[in-house]
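Colleague: Turn this into a structure:
(one chain, ligands or ions: 1)
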Amino acid sequence: MPGDPSKNLTVATTGASGSLFLKHFLSLVVRDIRVQNVNFIASNSGLRVMAEELGLRGRNNLITQLVGKPSKKIREQSNDDIGANIASGSYMADAMVVIPCSAGTLGRIANGISVRLIERAADVCLKEKRPLVLCFRETPLNKIHIRNMYRAADAGATIFPLIPAFYFHPANLDAMAEEFACRVLAHIGLPQTGAFHWKS
Ligand SMILES: Cc1cc2nc3c(=O)[nH]c(=O)nc-3n(C[C@H](O)[C@H](O)[C@H](O)COP(=O)(O)O)c2cc1C
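Modeller: Numbers count the residues shown, from 1 in each chain. Just a heads-up that it's a prediction; the model follows:
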């Protein structure tokens with residue numbers, strides 16, 4: 001949160017459309033010297049969508065495929081490993097961002113169905129009152145989505161829909177996705193130099 005930068009981040013990606021937003025989010029995180037540690041989890045569906053949208057080929061060198069180079073501060077975690085550090089409240093994660101967040105993952109988080117690591121780590125954030133940001137992406141919304149957004153927000157999550165802004169006239173999709181990633185980072189206390197600020 002503002003004034004309290006998130007140094008130890010958990011970043012998860014799931015099978016919703018919008019891998020470009022993840023790519024820019026991770027690129028900014030890698031560059032940001034305030035962020036010391038990142039635990040990163042990709043669901044299998046997330047991998048499937050990344051293959052479709054970014055041309056990624058499997059899990060090998062996933063971070064390099066996403067951000068163009070390896071990063072020592074990013075540790076990949078298996079979604080099947082519920083014994084990972086972030087599955088425990090005793091591990092001091094500062095904030096968690098799910099980008100993009102599918103309807104399935106939202107539903108599991110909102111209803112406490114913590115079978116895999118992504119949902120368990122999110123559940124831990126909620127119980128420990130740590131920031132949890134869900135960049136939910138689906139359209140149109142059915143009542144189950146709307147109820148689940150309400151339930152997750154009521155439990156303490158921030159619903160941060162993957163809806164980019166247009167009023168700063170982004171030159172291209174990359175500019176649009178990067179600006180959105182800047183907004184998410186600012187929300188967890190990591191404002192980015194060069195981010196757009198509305199002036200009227
Ligand atoms: C190309 C593609 C795009 C998809 N886009 C979305 C989406 O925008 N939102 C969503 O909720 N699910 C979307 N799905 C479906 C999810 O991937 C699917 O429900 C999956 O089971 C979610 O799993 P996860 O929550 O474990 O990642 C998409 C699937 C594919 C293959």
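Colleague: what about the longest helix in this structure?
Modeller: helix 173-187 (DSSP state H).
Colleague: residues making contact with that one?
Modeller: With contacts defined as C-beta atoms under 8 Å, 6 or more residues apart in numbering, helix 173-187 is touched by 20-21, 23-25, 27-29, 32, 97, 99, 131, 133, 135, 158, 160, 162, 164-166, 168, 170, 191-192, 195-196. (Glycine included, C-beta is placed from N, CA and C.)
Colleague: With stretch 29-44 instead?
Modeller: Counting by C-beta under 8 Å, 6+ apart, stretch 29-44 makes contact with 5-15, 26, 50, 59, 62-63, 67, 69, 71, 73-79, 84-86, 93, 102, 105, 116-118, 121, 185, 190, 192, all of which sit outside it.
Colleague: tell me the SS of the residue in the chain that the ligand sits nearest to?
Modeller: Going by C-beta to the nearest ligand atom, the ligand is nearest to Gly15 of the chain, at 2.4 Å. Classification of Gly15 using DSSP: H, G, I helix; E, B strand; the rest coil returns coil.
Colleague: For the protein, just list every one of the strands.
Modeller: If DSSP state E is used as the criterion, the strands of the chain fall at 8-13, 37-42, 74-77, 95-101, 132-136, 158-159.
Colleague: Flag every buried residue along the third one.
Modeller: Spelled out, that is strand 74-77. Buried residues in strand 74-77, counted by 16 or more other C-beta atoms under 10 Å: Ile74, Gln77.
Colleague: packing partners for that strand?
Modeller: For strand 74-77, the contact count by 3 or more C-beta pairs under 8 Å, 6 or more residues apart in numbering; DSSP states H and E identifies helix 19-31, strand 37-42, helix 62-67 as packing neighbours.
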